[in-house]
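In: Give me coordinates for this.
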Amino acid sequence: MSRDTFLEERFELVKGRIREMQQDMDVPERFCGFFKEMTTYLNYVLTLHEKIREGWLEHAALSELQKNNEELYAGILPGAYESSYTNPAYAVRMLSEDYGRLLSFLAAEVRGIVAYAYEDRLFDMTVLMELYVQIYNLLEEPTVPAQEIKDTLYWYVSDYSEEMVGRRIREAVDPSLDFAVRIICGSDLTDIRYLYKYGEYVTENEISMAEYLNDLSKEEIRAMARTFTEGYRIGFINGRKDISKKNSVNIRYQLGFERMIKEAVCQFEEMGLKPVIYRSAVHAVNKKQHHRIGYYGAIPNKQLDYDHKDDSALYLDQEFVQRKLRVMQVAYEQVKELANTHGGPAVIETFGEKPFTPVSKKEAFSLTPHQQKLQVSYDNEAGQIVNRYIKGEERSFTIIAYPVCEIGPRFKDIFRETVRLNTLDYHLYQDIQQKLINALDEGCEVRIKGRGSNRTDMTVRLHELEDPEKQTNFENCVADVNIPVGEVFTSPVLGGTNGVLHVSGVYLDGLYYKDLKITFRDGKILDYICSNFSTEEENRDYMKENILFHHDMLPLGEFAIGTNTTAYVMAKKYHIEDILPILIAEKMGPHFAVGDTCYSWSEDTAVYNPDGKEIIARDNEVSILRRIDPGRAYFGCHTDITIPYEELGEITAVKKDGSLIPIIKDSRFVLKGTEELNRVLEEL
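Out: Numbers count the residues shown, from 1 in each chain. Below you'll find the model as predicted:
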């Protein structure tokens, strides 16, 4: 019997068992609600899977596709979520803490089956349904310890990690896994039904975005894609990396942008790069908290994602960490040729979605202090494995951002402004930013102070330039890997970098922070607090989890001065300051990044500015530890925090003799040669 035949038999067998369960539920009364909800859902998806195999997606009417999409996600949308077992608070209330958390984890995993059904991934469907039936069989007994349920879930994740993690790694580098590419390049994109071929949640936002791009001319789409793909290509050139050695590029985007993506695919192929496009992670073992990396549709419920971001607490122990690292090593070895010729990600970010402030639930899983340390250790070692196969000094990336229709009635105006923002005069900014760099290079430190209610008071120490004619501290960042144009940045010396960073309000990775304050001593986080919640403990936990990522300390990995006053004016004009992505927001004032430097994993690769000077500030006292212990050098995170111009009192370069070079004073650039940056500010 072939492996495929055996898998088909397993699939049909477990499918039949789930069909039976819908007719005859034989578990204690308190578990009936859970199994009725999940069995009904599974049977709906199984019937849908049969229809998809028969070609239903190709001929179904738009109304049918929309109704089906609503059925797939209705149970977890806000409102319905309050009485869904995917909600840990509801599950615990109905089933007790011991069983509720565990079965809420199972419910969230079961919900992922829709992605496998659309991609016809029988293995993933089969093992997930077998787990579900196994849990059901256990709970048929009147008294089953919760620990037995927990053990079953643990071994499901652990035993199948080889297949789950291995598949994910191959997805990231193998162009032959082309499910999304076939939709993008093989569909009539003027027929909006194509959006329903992914299996992702589709709302009016994605439909309107696709329709808007369909209304643009070929020339406009080609130009948008060219900005994106040229940024990627120029990133290799500016980094003095050989793009001709690369065969693939990973494209990440949100549904609705397919027309631009299709053109980008063609342009990348002209460079010799095949597209690698994978879905954001579905298996718990492959997720990184609530973050979505890959392509995705509308997010049905951000609170659900937040509630389940630490589900790894169920199985994260030393044995599992070691197993997953071994699996990673083997998986990368199997695709080492594909990994070695992979160029890195090209990302389209979006902004304009309704801001989200999470609710922390005591019923949700959370990592213990020991597990937090294990996660940090895993992230460090996993990063080293990835870098051995996709070498940091040989890869590049690019990121660009566009608004989505959800931003409001002025969407078209904001979109046009954003396109203009993404194509600002490269050379104008390069020249102005070089003047900033020349002045900053005269200093041994930089002083940054807030104004009004902003309590920022920072001193950032700079590296000493041994040969100022050939060396510089700051990178002249124009529109290549990091679109739009507009910043100069450095990796500071940690010793002597001290003070307080304060922002009245900021969104970071989609989460809001009110009155965020971080205190640094010798370039390392000494203290941190915000005022989102009623207690100091909640606020510290929130920041440690989502900014420090469970690390006890993070260094200051970057200090930068954003120069894109056009972006700032756009934000003020349309009142969208609070929803801009960090990609744009970081160009709208000075920003500080906690975590790794901008050069992590490629510090030994020389980097040069357009004037030919080498940027020598690529390391700090922590990252340099990579030479003796990489596990202590890297943190796997880099979070930019921007002080907006209106909260900025001064930025001043301080020379060795104590004399001062003012850069910004009371929210305006005052350095000679930078006056052009203030011109657009007069519109305010």
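In: which SSE is Pro662 in?
Out: Following DSSP states H and E, one finds Pro662 within strand 660-665.
In: who does the helix or strand just after that strand touch, helix- and strand-wise?
Out: Next helix or strand after strand 660-665 toward the C-terminus (DSSP H and E): strand 668-669. With contacts taken as 3 or more C-beta pairs under 8 Å, 6 or more residues apart in numbering; DSSP states H and E, strand 668-669 sits against helix 676-679. Yep, even glycine has a C-beta here, placed from its N, CA and C like the rest.
In: Flag every buried residue along the helix it packs on.
Out: By 16 or more other C-beta atoms under 10 Å, the buried positions in helix 676-679 come out as Leu677.
In: How about stretch 599-608?
Out: Those would be Tyr599, Ser600, Trp601, Ser602, Glu603, Val607, Tyr608, for stretch 599-608 by 16+ other C-beta under 10 Å.
In: Can I get the residues you listed in CSV including pLDDT, secondary structure and distance to Lys672?
Out: CSV is the format used below for the buried residues of stretch 599-608 (pLDDT from 0 to 100; DSSP: H, G, I helix; E, B strand; the rest coil; distance: C-beta to C-beta, whole Å):
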residue, pLDDT, secondary structure, distance to Lys672
Tyr599, 89, coil, 30
Ser600, 86, coil, 35
Trp601, 80, coil, 38
Ser602, 80, coil, 35
Glu603, 88, coil, 33
Val607, 88, coil, 27
Tyr608, 91, strand, 25
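In: Just put the residues you listed in a markdown table and tack on distance to Gln372.
Out: Formatted as a markdown table, those follow (distance: C-beta to C-beta, whole Å):
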| residue | distance to Gln372 |
| --- | --- |
| Tyr599 | 26 |
| Ser600 | 21 |
| Trp601 | 23 |
| Ser602 | 28 |
| Glu603 | 27 |
| Val607 | 33 |
| Tyr608 | 39 |
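In: got the contact list for Arg30?
Out: Met94, Leu95 (C-beta atoms under 8 Å, 6 or more residues apart in numbering).
In: Can you report how many residues lie near Leu462?
Out: Leu462: 24 surrounding residues under other C-beta atoms under 10 Å.
In: Not including adjacent chain positions, what is the nearest residue to it?
Out: Using C-beta to C-beta, 6 or more residues apart in numbering and skipping the chain neighbours, the partner closest in space to Leu462 is Asn473 (5.1 Å).
In: now swap in Met21 and tell me
Out: Thr39 (5.0 Å).
In: In which helix or strand does the one you found reside?
Out: Applying DSSP H and E, one finds Thr39 within helix 29-53.
In: next one: Ala223
Out: Here Ala223 is assigned to helix 218-238, by DSSP H and E.
In: could you check the distance from Pro644 over to Ser667?
Out: 9 Å (C-beta to C-beta, to the nearest Å).
In: got it, and Tyr44?
Out: Distance from Tyr44 to Ser667, by C-beta to C-beta: 56 Å.
In: Pull up the pairing partners for the strand holding Pro662, direction included.
Out: strand 648-654 (antiparallel), strand 668-669 (antiparallel) (DSSP bridges).
In: mind checking which of those strands is nearest Val133?
Out: strand 648-654 (59.9 Å; C-beta to C-beta).
In: which residues touch the closest one?
Out: Against strand 648-654 from outside (C-beta under 8 Å, 6+ apart): 439-440, 442-451, 454, 459, 561, 589-590, 660-667.
In: Now do that strand: distance to the chain's middle.
Out: 32 Å (C-alpha atoms, centre = their mean, to the nearest Å).
In: same question, stretch 113-123
Out: 23 Å.
In: from here on, count from 46
Out: Done: numbering now begins at 46, and the last item shifts to stretch 158-168.
In: Distance of the nearest residue to Tyr199 once chain neighbours are set aside relative to Ala376?
Out: Of all residues not flanking Tyr199 in the chain, Tyr360 sits nearest, at 4.7 Å (C-beta to C-beta, 6+ apart). Look at Tyr360 and Ala376: by C-beta to C-beta, they are 19 Å apart.
In: and the strand holding Pro707, which residues are buried?
Out: So, applying 16+ other C-beta under 10 Å, buried residues of strand 705-710: Ile706, Ile708, Ile709.
In: that older thread, of Tyr89 and Ser712, who's got more company?
Out: Between Tyr89 and Ser712, Ser712 has the larger neighbour count (other C-beta under 10 Å), namely 19 against 15.
In: Phi and psi next, for the more buried one.
Out: Dihedral pair for Ser712: phi 70, psi 10, per degrees, to the nearest 10.
In: Now do the same for it: its pLDDT.
Out: On the pLDDT scale, Ser712 is placed at 94.
In: And Arg55, by the same measure?
Out: 96.
In: swap in Tyr118?
Out: Reported pLDDT for Tyr118: 98.
In: Okay, domains of the chain per the record?
Out: 48-202, 216-434, 493-728 (automatic domain parsing).
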